[in-house]
Structure formats: structure tokens, C-alpha cells
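Undergrad: Please find the sequence and the predicted model below.
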Amino acid sequence: MSRRQLHPLLINERTGEPYLRLPSPLDNIIITPPRLSDAPALVGILNDPAVCKWLESPPYPYLPEHADWWLNNVKTSSNEIIMELEDAEKSDPDGPLRTVGGCPVFYLREVREDGTDTFIGSADFRRCCFQGEEPETRERLQKENAEKAVGDPSIVWCFGDYIASSHHGRGIMSAAVSTLLSSWGIPRMGVRRMRVETAVGNIGSVRVFQKNGFVLEKSVENVRVGSNYSAETYGTNVLWWQHKE
């Protein structure tokens, strides 16, 4: 069966998975759907203080049951997008590429010479939650953003991302954000506006987004309750990106 609706995703002949590959010299890094077998690596990464101190949502300690629950949820979300596109292919084989409300590939993997790979991180699109705004304003903006139809260019998107500390400082996340935006977000989701939040002090994360054209709008102090790893409270950096036609 043709898989034209998955364009520009590639298909791994060995696993059957769709994927994106980062450009050289990082072409040993691919972005795939999540796998249930990622649980042990996920537990290791999200218990690493160099990673989890900057993440607000994941529980700490991050246990195998947390990983199993999370992977089942995100794998379902990925599968739903793939099935939507495959159904579109069946119903209208020559139809235009469908605009969808998410990206089915968002788990980063380092590929070894023998073709096997290791899970090293995640970078996924989500509708913006407007962290750093006053509660009433945030609730209103979230509601308005959530109600917009798939493909609406006024949707404000965000990135959720992390990478194993063993791979910090290599430019991998900068390349992953660029690849996801240019290959899928812009052409297949209609992404035109993005707002991301990073913890004040997380200089590496700010640089990732600035390298991709995001502009720092403001830093808001004492609005981010610390991660579950630490009681320390951070401020929030807010950065914006606008697509240039």
C-alpha cells in the first residue's frame, strides 16, 4: 500500500516505523514514534538530575509504572495520527496531503552501525498552555487555543523537549527542533506561531530555540513551581516564533 500521506516521513524497512532523520553530521539521529520498550531508558533519563531538575511535570522519582503509563498514552496518540493518514490514503489515494493536529514521530534515537538504536530524548508539538501568565488570563488563552480547528494558523503551539545528559551540548536538540518544524510542523500541521517556555537558568534550552529563530519576549520570576525533583523555584523565560512565508 502506498504511504504517500505520511510524506515526508521515511519508512524503516526493518521495523516498519515512520521516521525523520537529522541532517549531517547528525544523520545517525532519527525521530520515530514511541515504543513500549523505551521504558527502561525513559526511567533512566527522567531520574537524571541534569535532566529532571528542569522539567516541571514528570514525577520524581520516575518509576517504571510511570514510564509504562506514559508510553501507552503517547504511543496511542502517535498511532491515531498514523491511522488518520492511512485512512485518508485509502479513501482518496490521489487526494491532497491531509493537515493533522500533531506529529506521529517525536522520540529521538541514536542509530548504531549495526542498525540498532538507543532512545535519547523527546521533542513534541503541543498546543500552548501559556505558562507565565496570570491564572485567569492563562485559563482564557488555553481555552481559546484548544477550541481552534486543526490547521488554523492562529493556533499557538509549544514544544515539550528533553534529551539525555550524555547527549547535551552536541546540537542534537537544535537540529531536532529545526527538522520537526520544517519537515512536519509547518507543512503538515500548519504551524505558524509558537510560544515556548524554559526555566530561568536553563541556558542550553534557550539557545536551542534562539538558534531556530525564537525571540525572547520576557522572563517572569517566581511563576514556575520547581520540578518534582527539587523544591527550588525558577522563573520562566517566554520565547516566541512566527513563520515567515
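TA: Happy to help now that I have it. Predicted, not measured: the structure shown is a model, and the values here were computed from it.

Undergrad: All the helices of this structure, residue numbers only.
TA: According to DSSP state H, the chain carries its helices in the segments 39-46, 49-52, 64-91, 135-146, 172-180, 186-189, 203-210.

Undergrad: Output the contacting helices and strands for the fourth one.
TA: Going back to what we said before, that points to helix 135-146. Contact partners of helix 135-146 among helices and strands, from 3 or more C-beta pairs under 8 Å, 6 or more residues apart in numbering; DSSP states H and E: none. C-beta here means a position set from N, CA and C on the backbone, and glycine is covered the same way.

Undergrad: buried set for that helix?
TA: 138, 141-142, 145 (16 or more other C-beta atoms under 10 Å).

Undergrad: nearest to His243, of those residues?
TA: Closest approach to His243 among the buried residues of helix 135-146 (C-beta to C-beta): Asn145, at 16.5 Å.

Undergrad: List the residues that contact that closest one.
TA: Applying C-beta atoms under 8 Å, 6 or more residues apart in numbering to Asn145 gives the contacts 127-128, 130, 155-156.

Undergrad: for this structure, where's the lowest mean pLDDT among helices and strands?
TA: Lowest by mean pLDDT, DSSP states H and E among the helices and strands of the chain is strand 215-224, with a mean of 82.

Undergrad: what about Gly102, distance to Arg188?
TA: Taking C-beta to C-beta, to the nearest Å as the measure, Gly102 falls 10 Å from Arg188.

Undergrad: So those two - more neighbours on which side?
TA: Legend: neighbour count by other C-beta atoms under 10 Å for Gly102 and Arg188, higher for Arg188 (23 against 20).

Undergrad: Might one say that that one is in contact with Pro96?
TA: No: the criterion here is C-beta atoms under 8 Å, and Arg188 misses it with Pro96 at 11.3 Å.

Undergrad: Verify the stated contact: Arg98 with Met83.
TA: No: between Arg98 and Met83 there is no contact under C-beta under 8 Å: 11.8 Å.

Undergrad: neighbour count winner among these two?
TA: Arg98 (16 against 11).

Undergrad: What is the neighbour count of the residue lying closest to that one once chain neighbours are set aside?
TA: Distances taken as C-beta to C-beta, 6 or more residues apart in numbering put Ala88 closest to Arg98, at 4.6 Å, once the chain neighbours are dropped. Ala88 has 17 neighbouring residues, counting by other C-beta under 10 Å.
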